[in-house]
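Engineer: give me coordinates for this.
(2 chains)
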There are 2 protein chains.
Amino acid sequence: MTFKYDNVYINEVSTITGPYEKKGPLSNYFDKSYDDFYFGKNTWEEAESKILEDSVDLLLNKISKTKFDIDLFISGDLLNQITASNFAANNLKIPYLGIYSACASSVEGLIIASNMLEANQIKNCICSVSSHNNAAEKQFRYPVEYGGPKPKTTTFTTTGAASAYLSREKSKIKVESATIGIVNDLGIKDAYQMGAVMAPAIADTINRHLKDLKRDINYYDIILSGDLGIYGKAILKDYMKIEYGIELNKYEDTACMIYDLDKQPVYSGGSGPACAPLVTYSYIFDLMKKKKLTKVLLVATGSLHSTTSVNEKRSIPSIAHAISLEAII
Amino acid sequence: MTFKYDNVYINEVSTITGPYEKKGPLSNYFDKSYDDFYFGKNTWEEAESKILEDSVDLLLNKISKTKFDIDLFISGDLLNQITASNFAANNLKIPYLGIYSACASSVEGLIIASNMLEANQIKNCICSVSSHNNAAEKQFRYPVEYGGPKPKTTTFTTTGAASAYLSREKSKIKVESATIGIVNDLGIKDAYQMGAVMAPAIADTINRHLKDLKRDINYYDIILSGDLGIYGKAILKDYMKIEYGIELNKYEDTACMIYDLDKQPVYSGGSGPACAPLVTYSYIFDLMKKKKLTKVLLVATGSLHSTTSVNEKRSIPSIAHAISLEAII
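Structural biologist: Numbering: from 1, shown residues only, chains lettered A, B, ... in the order given. This next block holds a predicted model:
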């Protein structure tokens, strides 16, 4: 399912990160970064809600609006029952839609908001996501204090929150089109191989997006995947070529951009719902505003398992949602 | 945030339940019911995915369509990372949006679909939800085999799945308007008191819905709450009167309709995302088609906690989304 938009813009964004992202190569592009994982709260879960809420407050500040001016808040995260988003929504008191497509949630939110804006059903919307390394590790794997070794194909959940303010008011970043993902599953059961799990889903979404809009891959200045990591990125390039005959030349993966993979202990790269928008809303939007990039296809990828489904030896389904962003100068 | 619709219809629905619902008073209204909790699968989680997928297959059968004819599938459930929906979506291969507002998910899905249909952005959509008593008990409380006693204010998660096919094609049930919920939290920390937790959220949504549309409560032939249970229902009636001066006379709670509360061991009534749509799509739609009800306001309620948030002694936020359904004869 692909949509075209004529009247949807991302007017402003906010990005807040934890300490690992602060030490990464994009540090200067983020609005704010913390040196610890608690942000003044007592638990990692509360910390994740706080960073999410802070990203909305910062965004409201930037656009000189209050929460009462906002029609809709859409948010998702990795915590069971998306509690980071729920608790943030409780403090914000903006009409709220909770969403979940794991690390593809950011683009799912942008799509729902863009459709409502295009049809003039809402006047504006804030779309947010968050992730927290320690909260995710504790929930999906082991408490980080265990210090258990992991295979190098593992990705490292980013700590941070990213929010975007969308409206019909013209500004430099236009939401041009979008494609909703179809769940894919090639039978991989290893939760330390997320890149391999998600590569077929993103390949399918990119292919459908291009076919639906009758576009060549070179229409875009860059294709950005969400969080495939080093190995997933290589798999996607091979898979795209073999399965669809498409060469991914102008292509990057936000998971490989947010950290210095040679120096930081982050295995094969970043992950988590915050990874793709943290990189896109900061570094990529900067390049777009400087006209170094005009047409960007962001394809966020999500692995749709739970600890229960993995323990029950079920294979891991995945999804990827795509959104086309255009710099208007 | 309230929307009005002129061109959205629920053309067909499907309802499948487990054994407790089969023994309840609405048994004859459901399309299909199982006598056990496994439905031929090995785990409760797989069983929940199966019942959800079955409800879509049954629906497709009723409307003589295949999954390739469907533009969009929206689904949510209570399992961590909404895996019941994810695994069903994987078998269905329809473009998929995962959503979460706990037991209010059914109406969240209907709202997103209705907005897209009203704007002619999609030609049709299937909205589903599921819940599974044993899967939910195991995840949120204790394995049912423990047989631990519970306070009488507890609700009993329904086992079942409900799916609706929506399009712009005229039929007997029209989606007339909808209101997105705002998260509410009056500080209750007891997860065995869901009715009390959710009453303020639904009161706020009903009040905003009536104000936004300049309607009196008597505009509706019936107001249906999702899963407040006996105690929550009484709290809501009091709260509505004291807080907003609104008398809830023509009012019922689907949690109190799906079981025989005098005879079945279900504490204060049903709950789970499937509860509200199971009752609405079967018994209520039947009354609407017989012209015994014309204007129905369904307000599904969701408690937005996780086991982690409850263990960390955080209070429980809740939400309620409303949808107005009209019988067109």
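
Engineer: give me the most central residue, chain A.
Structural biologist: For chain A, the residue nearest the mean C-alpha position is A:Ala276 (3.6 Å; Cα atoms, centre = their mean).

Engineer: correct me if wrong: that one contacts A:Cys103.
Structural biologist: Yes: A:Ala276 is in contact with A:Cys103 according to Cβ atoms under 8 Å; the separation is 7.1 Å. Placement of C-beta: from N, CA and C, glycine included.

Engineer: related to what we said a few turns ago, can you pull the contacts of the residue nearest to the centre of chain A?
Structural biologist: A:Cys103, A:Ser106, A:Val107, A:Leu224, A:Gly226, A:Asp227, A:Thr254, A:Leu298, A:Ala300 (Cβ atoms under 8 Å, 6 or more residues apart in numbering or on different chains).

Engineer: ok, now A:Glu326?
Structural biologist: Counted by Cβ under 8 Å, 6+ apart, A:Glu326 has contacts A:Ile173, A:Lys174, A:Glu176, A:Thr294, A:Lys295, A:Val296.

Engineer: what mean pLDDT would you report for stretch A:176-184?
Structural biologist: Across stretch A:176-184, pLDDT averages out at 98.

Engineer: could I get that stretch in CSV with only the CA atoms?
Structural biologist: Extracted in CSV, the C-alpha atoms of stretch A:176-184 (Å, rounded to 0.1, in the frame of the first residue of the first chain):
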residue,chain,number,x,y,z
GLU,A,176,6.3,13.0,-0.4
SER,A,177,5.1,9.4,-0.3
ALA,A,178,5.1,6.3,1.8
THR,A,179,4.7,2.5,1.6
ILE,A,180,3.2,0.3,4.4
GLY,A,181,5.2,-2.9,5.0
ILE,A,182,4.1,-6.5,4.6
VAL,A,183,5.3,-9.0,7.3
ASN,A,184,8.0,-11.3,6.1
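
Engineer: how about that stretch: buried residues?
Structural biologist: For stretch A:176-184, the neighbour count (16 or more other Cβ atoms under 10 Å in any protein chain shown) marks A:Glu176, A:Ser177, A:Ala178, A:Thr179, A:Ile180, A:Gly181, A:Ile182, A:Val183, A:Asn184 as buried.

Engineer: ok, which of those also contact chain B?
Structural biologist: A:Ile180, A:Gly181, A:Ile182, A:Val183, A:Asn184 (Cβ under 8 Å from any Cβ of the partner chain).

Engineer: for the stretch 101-250 of chain A, which residue gets nearest to chain B?
Structural biologist: The minimum distance from the stretch 101-250 of chain A to chain B, using Cβ to the nearest Cβ, falls at A:Ala119 (3.2 Å).

Engineer: the closest residue to that residue other than its chain neighbours - how many residues pack around it?
Structural biologist: Of all residues beyond its chain neighbours, the one nearest A:Ala119 is B:Ala119 (3.2 Å), with distances taken as Cβ to Cβ, 6 or more residues apart in numbering or on different chains. Residues near B:Ala119, counting by other Cβ atoms under 10 Å in any protein chain shown, number 17.

Engineer: for B:Ala119, what are its contacts?
Structural biologist: Contacts of B:Ala119 by Cβ under 8 Å, 6+ apart are A:Asn115, A:Glu118, A:Ala119, A:Gln121.

Engineer: keep only those of these that are in helices.
Structural biologist: A:Asn115, A:Glu118 (DSSP state H).

Engineer: which among the contacts of B:Ala119 end up buried?
Structural biologist: Listed as buried from the contacts of B:Ala119 are A:Asn115, A:Glu118, A:Ala119, A:Gln121; burial here means 16+ other Cβ under 10 Å.

Engineer: okay, stretch A:295-311 in PDB with CA atoms only?
Structural biologist: What follows is stretch A:295-311, C-alpha atoms only, in PDB (Å, rounded to 0.1, in the frame of the first residue of the first chain):
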ATOM      1  CA  LYS A 295      15.300  12.900  -2.200                       C
ATOM      2  CA  VAL A 296      15.600  10.500   0.700                       C
ATOM      3  CA  LEU A 297      13.900   7.200   1.100                       C
ATOM      4  CA  LEU A 298      13.900   6.200   4.800                       C
ATOM      5  CA  VAL A 299      12.900   2.500   5.300                       C
ATOM      6  CA  ALA A 300      12.700   1.700   9.000                       C
ATOM      7  CA  THR A 301      12.900  -2.000   9.800                       C
ATOM      8  CA  GLY A 302      11.400  -3.900  12.700                       C
ATOM      9  CA  SER A 303      11.800  -7.400  14.100                       C
ATOM     10  CA  LEU A 304       8.400  -8.500  15.400                       C
ATOM     11  CA  HIS A 305       9.300 -11.200  18.000                       C
ATOM     12  CA  SER A 306       8.900 -11.300  21.700                       C
ATOM     13  CA  THR A 307      11.100 -13.300  24.300                       C
ATOM     14  CA  THR A 308       8.200 -15.700  24.500                       C
ATOM     15  CA  SER A 309       8.000 -16.300  20.800                       C
ATOM     16  CA  VAL A 310      11.800 -16.800  20.700                       C
ATOM     17  CA  ASN A 311      11.800 -19.200  23.700                       C
END
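
Engineer: pull out the buried residues from it.
Structural biologist: A:295-306, A:308-310.

Engineer: chain center to the helix or strand where A:Ala320 lies, what's the gap?
Structural biologist: According to DSSP states H and E, A:Ala320 maps onto strand A:318-327. Distance of strand A:318-327 from the chain centroid (Cα atoms, centre = their mean, to the nearest Å) equals 10 Å.

Engineer: check whether the helix or strand hosting A:Ala88 contacts chain B.
Structural biologist: Using DSSP H and E, A:Ala88 falls within helix A:83-92. Yes: counting by Cβ under 8 Å from any Cβ, chain B is contacted by helix A:83-92 at A:Thr83, A:Asn86, A:Phe87, A:Ala89, A:Asn90, A:Leu92.

Engineer: can you pull the contacts of the fourth one?
Structural biologist: Residues counted as contacts of A:Ala89 (Cβ under 8 Å, 6+ apart) are A:Phe73, A:Ser75, A:Tyr96, A:Gly98, B:Val183, B:Leu304, B:Pro317, B:Ile319.

Engineer: relative to B:Ile319, how far out is it?
Structural biologist: Counting by Cβ to Cβ, to the nearest Å, the separation of A:Ala89 from B:Ile319 is 8 Å.

Engineer: overlap in contacts of those two?
Structural biologist: A:Tyr96, A:Gly98, B:Val183, B:Leu304.

Engineer: what's the neighbour count on the closest residue to A:Leu210 other than its chain neighbours?
Structural biologist: What sits nearest to A:Leu210 in space, not counting adjacent residues and going by Cβ to Cβ, 6+ apart, is A:Ile217, at 6.2 Å. For A:Ile217, the count of nearby residues is 19 (other Cβ under 10 Å).

Engineer: and the pLDDT at A:Ile217?
Structural biologist: 97.

Engineer: quick one: mean pLDDT for stretch A:153-161?
Structural biologist: So the average pLDDT for stretch A:153-161 ends up being 95.

Engineer: for it, buried residues please.
Structural biologist: Applying 16+ other Cβ under 10 Å to stretch A:153-161 flags A:Thr153, A:Thr154, A:Thr155, A:Phe156, A:Thr157, A:Thr158, A:Thr159, A:Gly160, A:Ala161 as buried.
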